[in-house]
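Enquirer: Build me a model from this:
(chains A, B, C and D)
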Number of protein chains: 2
Amino acid sequence: MGEKNLTMKDIAKLAGVSQPTVSRVINKSSKVSKDIEERVKDIIAKYNFKANESAKILRGNKSKTIGLIVYNFSNYYYLEMVKYVEKEIRKKGYTLIVMNSENSKEIELDHIKKLLSKNVEGILIAPICIKNLKFLKNKELPFLVINRIIEGYSYVSTSLYKGGRIATEYMVKNGYKDICFIGSVNDNPKFLGYLDVLKENHLKISNDLILDLKLKKKNIQLIEEFLKNKNLKEIAYVTADDEIAYIFSNILLKKNLLIGKDISIIGFDNTIIAKVLNISSVEQPMEKMIKVAVDNLFNRKNKIEIELDPIIKERMSVKKIDR
Amino acid sequence: MGEKNLTMKDIAKLAGVSQPTVSRVINKSSKVSKDIEERVKDIIAKYNFKANESAKILRGNKSKTIGLIVYNFSNYYYLEMVKYVEKEIRKKGYTLIVMNSENSKEIELDHIKKLLSKNVEGILIAPICIKNLKFLKNKELPFLVINRIIEGYSYVSTSLYKGGRIATEYMVKNGYKDICFIGSVNDNPKFLGYLDVLKENHLKISNDLILDLKLKKKNIQLIEEFLKNKNLKEIAYVTADDEIAYIFSNILLKKNLLIGKDISIIGFDNTIIAKVLNISSVEQPMEKMIKVAVDNLFNRKNKIEIELDPIIKERMSVKKIDR
DNA sequence: TTGTAAGCGTTATCAT
DNA sequence: ATGATAACGCTTACAA
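Expert: The predicted structure follows:
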């Protein structure tokens, strides 16, 4: 009980050979006689020996580790990302370090520096600060922006602009003229997609139809205000994410308005929330995105700019209306 | 672009001092003259230098890293765990390696060996194989079983037995005599809690009330069978997790049975699913559990056996009935 | 106060 | 085919 990790030296002594020979057996880096190989392998198996990675890395070996930095975990979307990234890199024999920057530039930079000092082979980052990316760019380390499109950097993302578009187009196709956008408006491609579709269809663009807030419980009054004097059944709601759709729909339900019957709403991200809530949602093909990202993280010769198309996962939360 | 990571030697050269002096400045390990300190610090800041961790570890320093091994990520419960573990250890300046053993003993052992070779300072593990724990026990490394109670090992967990009890007692208190258990029965403390409460209250224990299956879509027929010839409105449903509650409730809803009105059901884990579904659920105090686990991972002198109490998060999915 | 040198556990380059 | 040895980048004991 309480044994220190064995070293190659220990294994070597147990096998009665020199330490480099153990290394040779493990790495098959040069010929070793059959009987010595057997002997060493047996001891390695018996003790579940695994060579110290720090020493290997210091010597110049790969760390077989990548880092994932996201700016929050409150959205289930990013938690799911952890699941897929771990799965995808494990296939390649890699290990995952997970970091949350909590929307802080300083924490994000700390994380990046830490990953560099840990000799990771690559970084996947959902960034909040371009300056930090600039710093990373000056390094030898491969990195890829995920889930955001940032000019001048390699990224693998889903087009949130297109997401905003297809959600809005979906409502247009279902006959709606008054289409609300609920969610953050600033610097939000989803919102731009929403606006463009309205313009193209000569539909009303009005502050009256735009609810720009992070929905919190204390905002219920604001929402009540927002809903006042509206013919609710003729309005469609495009939300910036499922969480918002959830909170919003909850409020509507308290007014005895039934989703898919009285109210048309579409979520974003197709998380477990949309599934359970049984509402349509714009799905970002997460698994595919992560697969593409991981595949491209290392083979990166040129800049990579991949923008995947979102799709709508339909769940009957939008009813057709006659115009 | 493409710069290699700097070393202390590089910093030393830039500052015109010896490499150990740089180390001294960084670690404040001994006195350094004011002006040299300034000079070195400026260069470190300018280049965002951070010392190579592999070298430090090899030299005997702490890795400031811990590993988390869980046996699956399909349950949202474990994804949430990632969030809290990362948060809790980040407070202490630690970094998190996340691994999924995918219910495989072999993968689990590989993960453990990998973490050892990476010189992590501790391991939190939701294990599937006691033999692997035994292996870990022979090492110097602190580790803690989370979310399971395994005799002979240190653990921080929530009592699933008590969880099964309070869920069942809740139904008893609400007047039910026929209480169903839905979920895996083998080696499941929740199920034992359920059984004990039924016994203590002299209530019917019958295979007719126990649905032992992992609910999949293809099992719908089995469920239909299960529900046949039952007076549904007089039965309460205790489920082994929210996911099961979700699938089950979906089936009930298709029969136009309304939760909280026609059907009484309680979930387990109080995940986002229960929240969105708006059903009561047995909550394991995850954040607290992780806090306790992380706090105790390193300060472990003796064996630690902490079993937290679950609580019921009430959401009106259980209606009282007259007996 | 500062520099020199040893050593952590590997891999790779030499000899033998 | 195998062993001795240097080097990776750091911390620490020792020398100056």
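Enquirer: Run the chain-centre distance for the helix ranked longest in chain A.
Expert: Secondary structure assigned by DSSP state H gives helix A:76-91 as the longest helix of chain A. Relative to its chain's centre, helix A:76-91 lies at 8 Å (CA atoms, centre = their mean, to the nearest Å).
Enquirer: Can you tell me which helices and strands the helix or strand hosting A:Ser54 packs against?
Expert: Using DSSP states H and E, A:Ser54 sits within helix A:53-59. For helix A:53-59, the contact count by 3 or more CB pairs under 8 Å, 6 or more residues apart in numbering or on different chains; DSSP states H and E identifies helix B:53-59 as packing neighbours. (Each C-beta comes from the backbone N, C-alpha and C, glycine too.)
Enquirer: can you tell if the helix it packs on touches DNA strand C?
Expert: Yes - Helix B:53-59 reaches DNA strand C (CB under 7 Å from any atom of the strand) through B:55, B:58-59.
Enquirer: Name the residue of the stretch 151-300 of chain A that lies nearest to DNA strand D.
Expert: A:Phe298 (20.9 Å; CB to the nearest atom of the strand).
Enquirer: doesn't A:Pro142 make contact with that residue?
Expert: Yes - at 6.0 Å, A:Phe298 counts as touching A:Pro142 under the criterion of CB atoms under 8 Å.
Enquirer: which residues do the two both contact?
Expert: Overlap of the contact sets of A:Phe298 and A:Pro142 (by CB atoms under 8 Å, 6 or more residues apart in numbering or on different chains) consists of A:121-122.
Enquirer: all strands for chain A, in order.
Expert: Assigned by DSSP state E, the strands in chain A fall at A:65-70, A:95-100, A:122-125, A:143-146, A:155-158, A:178-182, A:210-211, A:235-239, A:264-268, A:281-283, A:305-308, A:311-313.
Enquirer: Would you mind giving the ones you listed as CSV with mean neighbour count, mean pLDDT and distance to DNA strand C added?
Expert: Output for the strands of chain A, formatted as CSV (neighbours: other CB atoms under 10 Å in any protein chain shown; pLDDT from 0 to 100; distance: least, CB to the nearest atom of the strand, whole Å):
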stretch, mean neighbour count, mean pLDDT, distance to DNA strand C
strand A:65-70, 25, 98, 16
strand A:95-100, 23, 98, 16
strand A:122-125, 25, 98, 20
strand A:143-146, 24, 96, 25
strand A:155-158, 24, 96, 31
strand A:178-182, 23, 94, 55
strand A:210-211, 20, 90, 58
strand A:235-239, 26, 94, 52
strand A:264-268, 28, 96, 47
strand A:281-283, 25, 98, 43
strand A:305-308, 15, 96, 33
strand A:311-313, 16, 97, 46
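Enquirer: Return the residues of chain A in contact with DNA strand D.
Expert: Contacts of chain A with DNA strand D, taken as CB under 7 Å from any atom of the strand, map to A:17-21, A:24, A:30-33, A:36-37, A:55, A:58-60.
Enquirer: Nearest to B:Lys177 among the residues you listed?
Expert: Taking CB to CB as the measure, B:Lys177 lies nearest A:Ala55 of those, at 65.6 Å.
Enquirer: contacting residues for A:Asn48?
Expert: Applying CB under 8 Å, 6+ apart, we find A:Asn48 in contact with B:109, B:113, B:135.
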